[in-house]
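[1] Show me how the following folds:
(chains A, B, C and D)
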There are 2 protein chains.
Amino acid sequence: MDARQRLSAAGLRRTAARVLVTERMVAEGRPLTPAGICEALPELDRVTVYRTLASLEGAGLAHKVQGLDGAWRYCIDDSEISGCPGGHPHLLCTRCGAMACLLGQGLPWVAVPEGFAVQGKQLVVHGICASCAAAGAR
Amino acid sequence: MDARQRLSAAGLRRTAARVLVTERMVAEGRPLTPAGICEALPELDRVTVYRTLASLEGAGLAHKVQGLDGAWRYCIDDSEISGCPGGHPHLLCTRCGAMACLLGQGLPWVAVPEGFAVQGKQLVVHGICASCAAAGAR
DNA sequence: CTTCGAGATGCAACCCTGTTGTATTTGAGG
DNA sequence: CCTCAAATACAACAGGGTTGCATCTCGAAG
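    Okay, here's the model as predicted:
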């Protein structure tokens, strides 16, 4: 699906910033930090990127996860069916900061105390990714 | 176990700051943010609290989890046997920021791509805690 | 008990992520 | 083409966390 189509389908105004950010996220296909997007799209203001991502998330076009480094990462929801957020675990390389969605796996059921209203769950598996391990072994 | 004993057993120097922080954490019994500890111990410098927590974690006396608000929380490992980190899910109230350990439950096994070296896992369940729900309903 | 050095502390400054306020621009419907 | 709500840019700010460095203190050795 085209970036413009995605935006229109979600009822969002089809602005330059949103098209650029969406296209970038689709091209990457993995969760990106706002900083990473700003780097890839220097013509956009930092605040615009933050607000654009918030719009996309609010419209259900993207989901967000936090890394261990205190930065949130946003990822385009590729399948209209996938029940993000709350959907799948995420993988984070603590060396290069890259994150990946572990599609195809769900999140476990967790027993919570009486009276606690669960809004969502986040499972982040962290470690060293294959390419970083190879680079570090040199 | 006494705070001083904990420190000695872990091979850490038994300084005033470490004793105070450890006692505070034992008294609370739930994961605390550095900011929360600073508030409770205004005689300590902010940086000292951060470094003290890092020491405790490095010595295996405490484990840390991140909240959804970008702040890490530290919790004393009470049982010498518990295999923290990587031990249990955590519960976070997104309204008041309080966090609790969900002891007695483990973390799920997650399938990761070939070559990824897992260092740890974090499962955070967020929502509204019972007391906040009660306060909000007023 | 005194000495002494590695390690811990306090302070100041800094970086990064993210948010807020406001003036200006822009997109989409009429 | 016009209009106006929504989106953008810019600046300033807030919070969490880190780093560098001078000073202090624990605890071991004598």
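[2] ok, the nearest residue to A:L102 once chain neighbours are set aside - contacts?
    Spatial nearest neighbour of A:L102, chain neighbours left out: A:P89 (4.5 Å); criterion: CB to CB, 6 or more residues apart in numbering or on different chains. (Each C-beta comes from the backbone N, C-alpha and C, glycine too.) Counting by CB atoms under 8 Å, 6 or more residues apart in numbering or on different chains, A:P89 makes contact with A:L102, A:Q105, A:L107, A:L123, A:V124, A:V125, B:V110.
[3] and the third one, how many neighbours does it have?
    For A:L107, the count of nearby residues is 17 (other CB atoms under 10 Å in any protein chain shown).
[4] secondary structure element for it?
    Remark: A:L107 resides in no helix or strand, with elements defined by DSSP states H and E.
[5] A:V65 is in contact with that one, correct?
    No: the criterion here is CB atoms under 8 Å, and A:L107 misses it with A:V65 at 11.6 Å.
[6] So which of the contacts of A:P89 are in strands?
    Within those, residues falling in strands by DSSP state E are A:L123, A:V124, A:V125.
[7] Looking at those residues, which one is closest to DNA strand D?
    A:V124 (15.2 Å; CB to the nearest atom of the strand).
[8] Could you list which residues are in contact with the closest one?
    Contacts of A:V124 by CB under 8 Å, 6+ apart are A:V65, A:Q66, A:G67, A:L68, A:P89, A:H90, A:L91, A:L92, B:K121, B:Q122.
[9] Among those, name the buried ones.
    Among the contacts of A:V124, the ones that count as buried by 16 or more other CB atoms under 10 Å in any protein chain shown are A:V65, A:Q66, A:G67, A:L68, A:P89, A:H90, A:L91, A:L92, B:K121, B:Q122.
[10] pLDDT score assigned to A:C84?
    Per-residue pLDDT puts A:C84 at 44.
[11] Likewise for the one 5 residues further on?
    In this model, A:P89 is scored at 94, pLDDT.
[12] if we can go back for a sec, now flag whichever of the contacts of A:P89 is closest to B:T15.
    A:V124 (33.0 Å; CB to CB).
[13] For B:S8, see how far away the closest one is.
    Distance of A:V124 to B:S8, computed by CB to CB, to the nearest Å: 34 Å.
[14] Check A:C96 too.
    Noted for A:C96: a distance of 39 Å to B:S8, by CB to CB.
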